[in-house]
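Predicted model and sequence follow; I will ask about them next.
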Amino acid sequence: MKASYALPAEPSLEELRSLRHLHRTVDELLEESLKLRESLDQTFERCLPRIVELTGARAIALTTRNEELAEQTWMEGPWGERHPSLLIQEPNGVRRLEDGTLVSQALDVVGTRVGAIGLLFAGDHTDAVESARLARMLETVAELLDTVLCLVHTASEKHQLVLQCNQHLSNPVFEVGMDQAVLALAQRVRLPGFALLYRDAVRPQVLHYRTWRHGHLEYESTERPGPHLERLIQKHGSELLHRVDGSLRQLFGQARGRTSEVVLISGASGNEHLGKLVLWSDEGFSSYTMEIVRLLASGLSQRLLDYNRERIHLSQFFRSSTIDELLRDPAYAQYLRPQDQEVGILFADINGFTRICEQGFDSPKSIGRFVDEWSARVVDSIWECGGVFDKMVGDCVIGLFGPPFFETSRVQRAEAVMRAALEIQKYTASLSAREEVMELCKRVALPGLGVAIGVNLAHTNCGLFGPNRQYTAFSTGMNQTARLQALGGFRETLLMESAREALSLSQEPWVQALNFGPLTETPVKNVGQPLRYFKLT
């Protein structure tokens, strides 16, 4: 550290020896503190008394930021009634102070002021020769402290930056948190080009990405796609996370410069690549920058694991676009809490399934494969029509229409559940044209593959329930729909009176073209009143 004022007199040989001794002694004290990894409190407790002794000062004070980057003052010796932290601030230099002389100067770390240091001497030492001598002693001590303060402040700033980035990453909206973390990072270190590529939690072969220029979002995979990245993903797919052949070197459109990649590793399997961070700069990266980025990558890996777990959990019930919409809202949990709402309800069950299982398949494995294929397409139909997959009970698929946002009207919910019923009937019937299904139906004496569907519009209490947090609904209406579906015959769709009334208000041509039989009443077990329903003809 250089003094910010002129030193008018040249030191004598004796003074040079004294300064050398001061330098060597303080250096050894600081080296011992560094070796023992002492705190600043311990370091200054070791050094300050010795500095007072060696310089002949009455007192010493030093104000700087501690390990938590909070300002703190350390002192040794009597300072009188005034606190030394005020006395050693600007102006720098030597000045008379009551019955003594104060010499002070600023402390800086890599050109940034981080505090001040001062020595208080008894008597008047303000003449040119004495002022220069005191200033040289203080400068010698300050220069030695530079190493200690640089190490402490660099480590503290690094720690604070990582904490800040991790705090941003904890944002419930992953993308917003990532944008904030990158901006915070770019404000401290040079990041001309920065990118994140990561796997889709539900579709591992799909890659998402976000790229930033100088900390600000440039491209992202859903609404602002980057042409170069799109071409790379189309060519290499998820293999980009494993490739080390420089495929991403041209990511930021630069022919020259240095590109570094940091892989995000899954903590579950130990070698599965969750994603990758890519950095670009025409000047390269300091070890400080790379260490920060690796620490960020560690926190980001955990955040991605948590984010993926949430997406995988929600993917049991909601389609991908609904999950995206949910997770973009920091308060998305409000949509998943149990709430009383009128919803469209669908129960779909394969006709003659018990007979098919007992007489049509040669093993439970074959049954499982059949149900797996059929139910996957049925759930897709529910999602495509805006519904939520509640659960599967045996071969019966249950769908809810309206959750999780409840932005549609009761007529729209009735339309959605009816559209899904038509799609499921059409798909299931189409399977009968497959040779293996024809053979299956012949063996069990069925005219083809079909489903019985029950449709209702009823008030429920729906949301996440139970230890596994399953999205489902509870109400008399759910029970009625289950009983209604059980009444359905081969390829029949039955609608409760409430759903039929809502559809009668629809302006959709396809709904108006539907034909229904007469209102029917049927008493059923465990339901107080007879079911009132219509059959789609």
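Arrived safely, thanks for sending. Residues are numbered from 1 along each chain as shown.

which residue sits closest to residue 210 in space, ignoring its chain neighbours?
residue 220 (4.6 Å; Cβ to Cβ, 6 or more residues apart in numbering). (C-beta placed from N, C-alpha, C; glycine too.)

give me the number of residues near the one you found?
Residues near residue 220, counting by other Cβ atoms under 10 Å, number 19.

Check which residues of the lowest-mean-pLDDT helix or strand in the chain are buried.
Counting by mean pLDDT, DSSP states H and E, the weakest-scoring helix or strand in the chain turns out to be strand 258-265, with a mean of 82. Neighbour counts over strand 258-265 (16 or more other Cβ atoms under 10 Å) mark 259, 261, 262, 264, 265 as buried.

would a markdown table of those with distance to residue 335 be doable?
Below are those laid out as a markdown table (distance: Cβ to Cβ, whole Å):
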| residue | distance to residue 335 |
| --- | --- |
| 259 | 41 |
| 261 | 37 |
| 262 | 35 |
| 264 | 29 |
| 265 | 32 |
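
Closest one to residue 167 out of those, please.
Checking the buried residues of strand 258-265 against residue 167 with Cβ to Cβ, the nearest one is residue 264 at 18.9 Å.

Okay, residue 208 and residue 231: tell me how far apart.
Distance of residue 208 to residue 231, computed by Cβ to Cβ, to the nearest Å: 16 Å.

So these two - more neighbours on which side?
Using other Cβ under 10 Å, the more surrounded residue of residue 208 and residue 231 is residue 208, with 17 against 10.

Now for that one: which residues touch it?
Shown in contact with residue 208 (Cβ atoms under 8 Å, 6 or more residues apart in numbering): 197, 198, 199, 200, 220, 221, 222.

Could you rerun that using 10 Å?
Residue 208 is in contact with 174-175, 196-201, 220-222, 233, 275, counting by Cβ atoms under 10 Å, 6 or more residues apart in numbering.

and the residue nearest to residue 210, what pLDDT?
With respect to pLDDT, residue 220 scores 94.

residue contacts, it?
By Cβ under 10 Å, 6+ apart, the contact list for residue 220 reads 175, 178, 179, 196, 208, 209, 210, 211, 212, 226, 229.

So of the contacts of residue 208, which two are at opposite extremes in space?
The span of the contacts of residue 208, defined through Cβ to Cβ, is set by 174 and 233 at 19.3 Å.

Those two: which has the busier surroundings?
Higher neighbour count among residue 174 and residue 233: residue 174, with 23 against 20, using other Cβ under 10 Å.

quick one, phi/psi of residue 59?
The phi/psi pair for residue 59 (degrees, to the nearest 10) reads phi -160, psi 160.

How many residues are close by residue 84?
Around residue 84 there are 23 other residues, counting by other Cβ under 10 Å.

tell me the average confidence for stretch 366-381?
The model assigns stretch 366-381 a mean pLDDT of 91.

Quick check: residue 288 vs residue 523, distance?
Distance check for residue 288 against residue 523: by Cβ to Cβ, it reads 78 Å.

same check, this time on residue 512
32 Å.

what does residue 137 give?
Distance, residue 137 to residue 523, by Cβ to Cβ: 104 Å.

cool, and residue 176?
The spacing between residue 176 and residue 523, counted by Cβ to Cβ, is 55 Å.

okay, those two: which has more neighbours?
residue 176 (13 against 10).

and the more buried one, what does it touch?
168, 328, 330.

can you tell me which of the residues you listed are in strands?
Counting by DSSP state E, none of the members of the contacts of residue 176 fall within strands.

from the residues you listed, which single one is nearest residue 415?
Residue 415 lies nearest to residue 328 out of those, by Cβ to Cβ, at 26.2 Å.

Quick check, pLDDT for the closest one.
Model confidence at residue 328 (pLDDT) stands at 88.

Run a quick check on it versus residue 223, I expect a contact.
No: counting by Cβ atoms under 10 Å, residue 328 does not reach residue 223; the two are 11.0 Å apart.

So which of these two has more stuff around it?
Between residue 328 and residue 223, counting by other Cβ under 10 Å, residue 328 is the more crowded of the two (13 against 6).

Roughly how far does that one sit from residue 175?
Taken as Cβ to Cβ, the span from residue 328 to residue 175 is 7 Å.

again with residue 511
38 Å.

do the same with residue 234
Taking Cβ to Cβ, one finds residue 234 at 22 Å from residue 175.

again, but for residue 77
Using Cβ to Cβ, one gets 56 Å for the distance from residue 77 to residue 175.

same deal with residue 379?
Applying Cβ to Cβ to residue 379 and residue 175 gives a distance of 27 Å.

And for residue 209?
11 Å.

Doesn't residue 184 belong to a helix?
Yes: per DSSP: H, G, I helix; E, B strand; the rest coil, residue 184 lies within a helix segment.

Report how many residues lie close to it.
16.

Then residue 406?
Using other Cβ under 10 Å, residue 406 has 14 other residues around it.

likewise the one 3 residues further on?
Per other Cβ under 10 Å, the neighbour tally for residue 409 reads 13.

you'd agree it is up against residue 457?
No: counting by Cβ under 10 Å, residue 409 stays clear of residue 457, with 11.0 Å between them.

Pull up the overlap in contacts between these two.
Common neighbours of residue 409 and residue 457 (criterion: Cβ under 10 Å, 6+ apart): 342, 402, 502.
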